[in-house]
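S.K.: Build me a structure from this.
(one chain, ligands or ions: 3)
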Amino acid sequence: MAATILQGKEVAQSIRTELATEVADLKKQGIIPGLTVVLVGDDPASHSYVRGKSKGCEEVGIRSELILKDASTTEEELLSIIQGLNENPNVNGILVQLPLPAHISESAVIEAIHPEKDVDGFHPISVGNMVLGNETMLPCTPHGIIELIKRTGTEIAGKHAVVIGRSNIVGKPVSLLLQQENATVTMCHSRTQNLEEHTRRADILVVATGKAHMIGKEHVKPGAVVIDVGVNRIETGKLVGDVKFDEVQEVASFLTPVPGGVGPMTITMLLKNTVSAAKKQAKR
Ligand SMILES: NC(=O)C1=CN([C@@H]2O[C@H](COP(=O)(O)OP(=O)(O)OC[C@H]3O[C@@H](n4cnc5c(N)ncnc54)[C@H](OP(=O)(O)O)[C@@H]3O)[C@@H](O)[C@H]2O)C=CC1
Ligand SMILES: Nc1nc(=O)c2c([nH]1)NC[C@@H]1CN(c3ccc(C(=O)N[C@@H](CCC(=O)O)C(=O)O)cc3)C=[N+]21
Ligand SMILES: [Mg+2]
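M.R.: Ligands and ions are numbered 1, 2, ... in the order given. As a prediction, the model looks like this:
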């Protein structure tokens with residue numbers, strides 16, 4: 001039986017409609033949520049993601065600002081820009097697009113963002129609160145993935161979830177959130193031996209490696225929910241996931257497409273975090 005395609009784009013759209021109503025209400029109270037995105041350098045993929053973020057803000061009525069700096073920007077300059085944004089009451093959320101040029105320390109930059117404005121959920125305080133299960137800003141991609149899985153009607157509790165990838169922005173946090181939803185979680189990475197043996201036991205398989213088409217139907221248990229996080233531009237210029245969509249579609253029960261799956265959910269969770277940051281900051 002062919003998998004149901006999990007149209008993240010449609011789910012994202014319906015959440016954005018709800019957010020637009022919420023933002024309209026906030027505006028009546030004089031609260032205008034604002035997001036500032038800082039982009040250093042001229043990586044074309046980064047520019048493309050950042051455009052998606054501005055468009056998302058526009059759709060729901062969030063005021064967005066883009067600060068573009070060239071690749072030679074120093075760490076000191078960037079830290080001082082962040083300091084200014086921390087102090088600016090019109091800015092509720094700050095996102096510094098990663099990766100940064102090699103001469104800038106990503107951890108120093110992330111730590112400079114005020115945790116209340118950390119809409120990426122990357123600050124050590126946000127990460128620590130997530131690990132402890134405290135209420136906090138959740139990282140956008142992992143949060144979007146959990147929302148998508150829930151929309152399938154799949155009960156996460158008790159299921160075996162396998163996550164491939166252990167990055168700080170996707171693999172690690174999504175495995176933690178799945179565990180908090182009471183899944184039994186296995187984490188795989190580039191040093192995992194016999195990958196297929198692990199993935200074939202997954203009721204829920206989350207793939208976040210950045211390796212185009214590395215997962216085929218031989219990796220997937222019939223009936224599994226498969227979430228493809230990868231966004232890879234191949235030679236033809238086409239955008240593809242980490243999963244061989246056509247063949248995995250034959251065995252999975254649900255499968256996310258690329259594009260149109262996890263990506264739009266990521267941006268929507270960013271919008272959601274920005275709105276919640278604005279509400280929290282307005283109370284003070
Ligand atoms: N749709 C969205 O919203 C988003 C999409 N992405 C995309 O998701 C993908 C992953 O991103 P990110 O987590 O930042 O990537 P990273 O490169 O930071 O991490 C990749 C992870 O995959 C593991 N890995 C690599 N190759 C293999 C392999 N052959 N077998 C098993 N594990 C492997 C690595 O293992 P090891 O740790 O051992 O090196 C690492 O843990 C990228 O394509 C990225 O563009 C990312 C963020 C958001
Ligand atoms: N500080 C920071 N926060 C991030 O959240 C962050 C980051 N840095 N660096 C890079 C990764 C990657 N990422 C994506 C977001 C949306 C899509 C997305 O919307 N993709 C569309 C296609 C986009 C296109 O056509 O290029 C889709 O999948 O449908 C993809 C990737 C966020 N990231
Ligand atoms: Mg990375």
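
S.K.: who touches stretch 58-77?
M.R.: Residues outside stretch 58-77 that contact it (Cβ atoms under 8 Å, 6 or more residues apart in numbering) are 16, 19-20, 23-24, 27, 32-42, 50, 53-54, 56-57, 78, 81, 90-91, 101, 103-105, 108-109, 271, 274-275. Glycine gets a C-beta too; all of them are placed from N, C-alpha and C.

S.K.: Which ones among these lie within helices?
M.R.: Judged by DSSP state H, the subset of the contacts of stretch 58-77 located in helices is 16, 19-20, 23-24, 27, 50, 53-54, 56-57, 78, 81, 108-109, 271, 274-275.

S.K.: List buried residues within these.
M.R.: 16, 19-20, 23, 50, 53-54, 56-57, 78, 81, 109, 271, 274-275 (16 or more other Cβ atoms under 10 Å).

S.K.: Next, give me the two most distant ones among the residues you listed.
M.R.: Pairwise distances among these were taken by Cβ to Cβ; the largest, 32.0 Å, belongs to A20 and L78.

S.K.: Now do G260 against Y49, distance only.
M.R.: Computed as Cβ to Cβ, to the nearest Å, the G260 to Y49 distance reads 15 Å.

S.K.: would you list every one of the strands in the stretch 101-250 of the chain?
M.R.: Here the stretch 101-250 of the chain has its strands, by DSSP state E, counting those that start in this stretch, at 160-164, 184-188, 204-207, 225-228, 232-233, 239-240.

S.K.: Could you check the angle the first one makes with strand 184-188?
M.R.: When axes from the mean of the first three to the mean of the last three Cα atoms, to 10 degrees is applied, the directions of strand 160-164 and strand 184-188 differ by 20 degrees.

S.K.: who's in contact with strand 160-164?
M.R.: With contact meaning Cβ under 8 Å, 6+ apart, strand 160-164 is reached by 171, 174-175, 178, 183-189, 192, 195, 198-199, 201-209, 215, 242.

S.K.: from these, which are also near ligand 1?
M.R.: Restricting those to those near ligand 1 by Cβ under 6 Å from any ligand atom leaves G171, C188, H189, T192, L195, A208, T209.

S.K.: And the first one, how far from G216?
M.R.: Applying Cβ to Cβ, one obtains 20 Å for the distance of G171 from G216.

S.K.: And the two? Which one has more around it.
M.R.: Shown here are G171 and G216; by other Cβ atoms under 10 Å, G171 has more neighbours (23 against 14).

S.K.: No more questions from me, cheers.
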